[in-house]
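Visitor: here's my sequence, what's the structure:
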Amino acid sequence: MMTRARSLVFAALVSLCLARGLSAEAPEGRAKAPPATGSAGDIGDAESWPTVEGEGLTVPASAEPSHREEIAVDPSVVARAVDLSAALAEEAGLALTSYGGYGMASGLNARGFTSARIRVFLDGTPLNSALSGEADLSWIDPSSLTKATMEYGSGASGILRLSTVDDSFRGLSWSAGGSNLSWLPPDDTAGLVDTQRLFASVKYGTDSLRWNLGWFGTRAANAFPYETATGETAYRDDNGVFDTGLRAGVSAPVSNRATLSVSASGYLADKHVAGSTGSTSSGRQNDARARESVLLSVGDDERARFDATIALSHSFASIRWEDGAGVTHNATNAFDLAANVSRYASDAHTIKFSAEAGYVVCDSDSVGDKGLAAATAGIALESRLSGGLSTRAELRLVTPSGGDGWTAVPAVALFKGLGEASRLGVSAYRAYKRPDLNALYWSGDPSAHGNPDLKSEDGWGGEILAELRAGKRFSSSHTAYGTWYRNAVSWQASGGVWTPENMGEAIFVGTDHSVRVSPLDGLHLEARYSFLRTWVLTGSFGLSDGKRIPYQPEHRVSLALTGSGGGWSWRVAPRYEGPRFVTIMNVSSLPGFVVLDAGIRRKFGTGVEVSVEARNILSESYETVEGYPMPGTSVSVGAVYTYR
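Guide: Reported below is the predicted structural model:
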């Protein structure tokens, strides 16, 4: 029987997303649906609505009428076992919620929203789950990334785009390597060989053909040290993960202005998942994922004055969970057809058209056998005007969850260039999200059921941006934003039965700042600060009550000092996150923490690179989710050989 204190079984075991923050209470999750994998709160659901979005011609960032931030993932991730969400959070200064240990649930938080409300794309294909709305990044090998970009000004929390494509490479290259992670202090000799990762990749490129293959495998005992409530050192148990992933891609021109690309990837995982430190519940989860896509790109030619993409994709995910209460299984197949056209009407004006249709089929013990269709059509006008002005006006038409009618989702932006690399900008947008399948059709528990009459979540927001640059030695970015959000799905209890309702309402106000200084060649210092203030307006709560959304720290600070030269490179990176409340009543909170990481790498002329990475050097005891300690001090040693 469900009780209070944690989160939705179906949408999240611990409600780290907005739904929990805006609901007065949330039902406790059962052991049969643990936080085993995926982004924080995800129970391992499949992706929905695969979509490829065309980007048009590349123009200088300062001239683009959009707010985009490139995320430079630390190269050390190539040689060590790390979840992609953790790597991105560290580099982009985003908040992270994690259940601790490799392969366990973890998720990004941007501007007060988790990945359930962050649109996440991998090579143009969305990763957000049709069941829970969350985006699972645990199955993506960080070393496969060639580019990561966070886009703001379109939706409440932005769009995260990840790419593994490298069409510029020519020739033959292959690499292989591995790493070992040790805990300090180790519980026993096994703690010195807790986690190992092996990987290999090969790629080949000519003007007429490009292909790549990649594989990784990880064994993680996750028996890490942590500090108990009494100040003693303990070690996590029954928390191990075995996983492996394989990817392949090929692309070739089919005419002088068209390229055909085909890609496929697969992932398997066997995970033993420990419960919270205050419980004895644990279980075992088996994951299987596959993704295939075919993309035809046409144009991208100055003479053609347009480019276009047509994409067909399929993704599959299967999650099997077993514990003392029994076995549950959830599987989904998602199909998508998308078309995007960018028409360069002149040197100053670009018109972009998009259309997509998706269909998700579920075979789920949680929501039953369901099918769900969705469609989106959009048009955007981008203009680069005189005096350094650039504008973007966008209108997307989205089908609501019921499929009847269309909803208009607009966004507008205005930017003013200041010299060659600095600019000011302002944008306004509508935020919109369909209910997930768990909320609509949940039937996996007699004490809870879904609500097929739910409306889509809705809101409005805006931001002001200033980007400054002085040569190659200094750059900074400063943003102030605000969002009003309503109709967030909140689970409410009535007569002992939990059902979702459109009750959640909140206001988000915050600022993001980043400064990068390079006083010398090969020496860089980057500082980031984020402030977030939230007001929960659900039910009888008002602004004067000052209730804040749980699991969203108000202050975050991160520093990264890096240096390179003579084949050596090093990095020192401390970060701070403030306290975070664990319930909507704001009675109890998790304390803030300071974590210090450092690493060093040495490249040899033979193609060999050796790295040493130390994490949580100060042995800080902290949690980002109540009851789930984060790992203590670890040292990872890795080696990679690359042939070019």
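
Visitor: now the closest residue to Gly299 other than its chain neighbours: which helix or strand?
Guide: Spatial nearest neighbour of Gly299, excluding adjacent residues (Cβ to Cβ, 6 or more residues apart in numbering): Asp307 at 3.4 Å. Any C-beta I mention is one placed from the backbone N, CA and C, and that applies to glycine too. Using DSSP states H and E, Asp307 falls within strand 306-323.

Visitor: give the partner strands of that strand in its sheet and their orientations.
Guide: Strand 306-323 sits in its sheet next to strand 282-301 (antiparallel), strand 326-344 (antiparallel), going by DSSP bridges.

Visitor: turn those into TSV, columns for distance to Ser106.
Guide: Below are these laid out as TSV (distance: least, Cβ to Cβ, whole Å):
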stretch	distance to Ser106
strand 282-301	15
strand 326-344	19
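
Visitor: what stretches of the chain score poorly on pLDDT?
Guide: 1-64, 73-81, 155-156, 280, 300-304, 400-404, 444, 492-493 (pLDDT under 70).

Visitor: would you map the strands across the stretch 401-550 of the chain?
Guide: 407-418, 422-433, 457-470, 474-494, 497-520, 523-536 (DSSP state E, counting those that start in this stretch).

Visitor: got CSV for the ones you listed, with distance to Thr350 too?
Guide: Below are the strands of the stretch 401-550 of the chain laid out as CSV (distance: least, Cβ to Cβ, whole Å):
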stretch, distance to Thr350
strand 407-418, 14
strand 422-433, 17
strand 457-470, 21
strand 474-494, 24
strand 497-520, 28
strand 523-536, 32
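
Visitor: want to throw those into a markdown table with mean neighbour count?
Guide: Below are these laid out as a markdown table (neighbours: other Cβ atoms under 10 Å):
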| stretch | mean neighbour count |
| --- | --- |
| strand 407-418 | 17 |
| strand 422-433 | 20 |
| strand 457-470 | 19 |
| strand 474-494 | 20 |
| strand 497-520 | 18 |
| strand 523-536 | 19 |
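
Visitor: off-centre distance for the strand holding Asp307?
Guide: Distance of strand 306-323 from the chain centroid (Cα atoms, centre = their mean, to the nearest Å) equals 16 Å.

Visitor: same question, stretch 343-350
Guide: Computed by Cα atoms, centre = their mean, the chain-centroid distance of stretch 343-350 equals 33 Å.

Visitor: do you have the helices of the chain handy? List them.
Guide: Remark: helices assigned in the chain by DSSP state H are 18-21, 84-92, 437-441.

Visitor: so what's Glu322 up against?
Guide: Gly283, Arg284, Gln285 (Cβ atoms under 8 Å, 6 or more residues apart in numbering).

Visitor: how does it look with 10 Å?
Guide: Residues near Glu322 by Cβ atoms under 10 Å, 6 or more residues apart in numbering: Lys32, Gly283, Arg284, Gln285, Asn286, Thr328, His329.

Visitor: tell me the two of those residues that are most distant?
Guide: Distance extremes for those: the farthest pair is Lys32 and Asn286 at 14.0 Å, using Cβ to Cβ.

Visitor: any residues in contact with both of the two?
Guide: Residues touching both Lys32 and Asn286 by Cβ under 10 Å, 6+ apart: Trp321, Glu322.

Visitor: so how many other residues sit close to the closest residue to Arg528 other than its chain neighbours?
Guide: Once flanking residues are discounted, Arg528 sits nearest to Gly93: 3.6 Å by Cβ to Cβ, 6+ apart. Using other Cβ atoms under 10 Å, Gly93 has 23 other residues around it.

Visitor: roughly how far apart are Gly93 and Tyr99?
Guide: For Gly93, the distance to Tyr99 equals 21 Å [Cβ to Cβ, to the nearest Å].

Visitor: ok so, going back, rebuild the helices of the chain as JSON lines, extending it with distance to Glu457 and mean neighbour count.
Guide: Below are those laid out as JSON lines (distance: least, Cβ to Cβ, whole Å; neighbours: other Cβ atoms under 10 Å):
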{"stretch": "helix 18-21", "distance to Glu457": "8", "mean neighbour count": "29"}
{"stretch": "helix 84-92", "distance to Glu457": "22", "mean neighbour count": "23"}
{"stretch": "helix 437-441", "distance to Glu457": "10", "mean neighbour count": "27"}
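
Visitor: which of those sits closest to Pro629?
Guide: helix 84-92 (15.2 Å).

Visitor: quick one: the strands in the stretch 151-300 of the chain?
Guide: 159-163, 171-184, 195-205, 210-220, 225-227, 233-235, 241-255, 258-274, 282-301.

Visitor: put together CSV for the ones you listed, with distance to Ala377 and mean neighbour count on each row.
Guide: CSV is the format used below for these (distance: least, Cβ to Cβ, whole Å; neighbours: other Cβ under 10 Å):
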stretch, distance to Ala377, mean neighbour count
strand 159-163, 18, 21
strand 171-184, 41, 18
strand 195-205, 35, 19
strand 210-220, 32, 19
strand 225-227, 50, 19
strand 233-235, 54, 16
strand 241-255, 27, 17
strand 258-274, 24, 19
strand 282-301, 20, 19
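
Visitor: let me have the ones you listed in CSV, adding distance to Gly462 as columns.
Guide: Below are the strands of the stretch 151-300 of the chain laid out as CSV (distance: least, Cβ to Cβ, whole Å):
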stretch, distance to Gly462
strand 159-163, 16
strand 171-184, 43
strand 195-205, 42
strand 210-220, 41
strand 225-227, 41
strand 233-235, 47
strand 241-255, 39
strand 258-274, 37
strand 282-301, 33
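
Visitor: beta partners for Ser514?
Guide: Ser477, Arg528.

Visitor: that one reaches Tyr529, doesn't it?
Guide: Yes: if you go by Cβ atoms under 10 Å, Ser514 and Tyr529 touch, sitting 8.0 Å apart.

Visitor: between these two, which contacts overlap?
Guide: Listed as contacting both Ser514 and Tyr529 by Cβ under 10 Å, 6+ apart are Gly93, His478, Ser558.

Visitor: chain neighbours aside, what residue packs nearest to Ser279?
Guide: Nearest non-adjacent residue to Ser279, counting by Cβ to Cβ, 6+ apart: Gly627, 7.5 Å away.

Visitor: no, scratch that, I was asking about His555
Guide: Spatially, and ignoring its direct neighbours in sequence, His555 is nearest to Gly578 (4.0 Å; Cβ to Cβ, 6+ apart).

Visitor: which residues touch the one you found?
Guide: 95, 530-532, 552-557, 589-593.

Visitor: roughly how far does it sit from Pro553?
Guide: 4 Å.

Visitor: isn't Ala274 right up against Asp237?
Guide: Yes: with contact defined as Cβ under 10 Å, Ala274 reaches Asp237; the gap is 6.5 Å.

Visitor: overlap of the contact sets of those two?
Guide: Common contacts of Ala274 and Asp237, defined by Cβ under 10 Å, 6+ apart, comprise Asn222, Ala223, Ser282.

Visitor: can I get those residues in JSON lines including distance to Thr399?
Guide: JSON lines is the format used below for those (distance: Cβ to Cβ, whole Å):
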{"residue": "Asn222", "distance to Thr399": "42"}
{"residue": "Ala223", "distance to Thr399": "48"}
{"residue": "Ser282", "distance to Thr399": "41"}
